[in-house]
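> Got a sequence here, can you build the structure:
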Amino acid sequence: MRKYITLPISIVMASIVFGAFFYATQLNKQQSIEKQQRLELEENNRIEQTKIEQNEVVVREERKIKEAKENCIVDAHERYVQEGQRACFELGYTQEDFDNMKCKLPLAELKRLEEKQAKEQEFCLKAYEP
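Next comes the predicted model:
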């Protein structure tokens with residue numbers, strides 16, 4: 001009778017050992033998959049953060065270029081006004097005349113100042129192209 005009991009007990013024990021081994025293997029696989037997914041998610045987050053930072057750098061650089069271009073154009077206009085003012089004073093006009101736009105420059109001088117301003121502003125547009 002004992003002979004008949006050992007075979008089923010051996011099968012049950014072998015099944016338990018095999019089941020435990022299979023469970024441990026599956027658990028290890030699941031943990032490995034979860035770890036891989038976590039690492040991929042972290043890598044994707046890092047890549048996304050890098051893209052955001054790079055985009056911010058590009059935006060800041062574009063803003064600096066735009067600001068520099070605008071400043072260059074404003075400076076060209078301010079030089080135009082200052083040179084026009086100086087030319088008016090040389091012709092005997094006063095600050096009040098200049099402020100009230102009563103200064104009448106000769107056409108040649110006015111064209112020279114306007115051409116100079118246009119060239120300077122054109123330079124600004126070319127120099128600060130994106």
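> For the strand or helix carrying residue 120, name the packing helices and strands.
Residue 120 is located in helix 107-127, with elements delineated by DSSP states H and E. Using 3 or more CB pairs under 8 Å, 6 or more residues apart in numbering; DSSP states H and E as the contact test, the elements touching helix 107-127 are helix 2-90. Glycine gets a C-beta too; all of them are placed from N, C-alpha and C.
> Using neighbour counts, pick out the buried residues of the next helix-or-strand element following the helix it packs on.
Where DSSP H and E defines the elements, the next helix or strand beyond helix 2-90 is helix 95-99. Within helix 95-99, the residues scored as buried using 16 or more other CB atoms under 10 Å are residue 98.
> circling back: give me the contacts around the helix holding residue 120.
Outside helix 107-127, the residues that touch it by CB atoms under 8 Å, 6 or more residues apart in numbering are 69, 72-73, 75-77, 79-80, 83-84, 87, 105.
> hmm, which of those are the buried ones?
69, 72-73, 76, 80, 84, 87, 105.
> can I get those residues in JSON lines with pLDDT and distance to residue 112?
Supplementary listing: the buried ones among the contacts of helix 107-127 in JSON lines, determined by pLDDT from 0 to 100; distance: CB to CB, whole Å:
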{"residue": "69", "pLDDT": "94", "distance to residue 112": "24"}
{"residue": "72", "pLDDT": "95", "distance to residue 112": "20"}
{"residue": "73", "pLDDT": "94", "distance to residue 112": "19"}
{"residue": "76", "pLDDT": "95", "distance to residue 112": "14"}
{"residue": "80", "pLDDT": "94", "distance to residue 112": "10"}
{"residue": "84", "pLDDT": "93", "distance to residue 112": "10"}
{"residue": "87", "pLDDT": "93", "distance to residue 112": "9"}
{"residue": "105", "pLDDT": "89", "distance to residue 112": "9"}
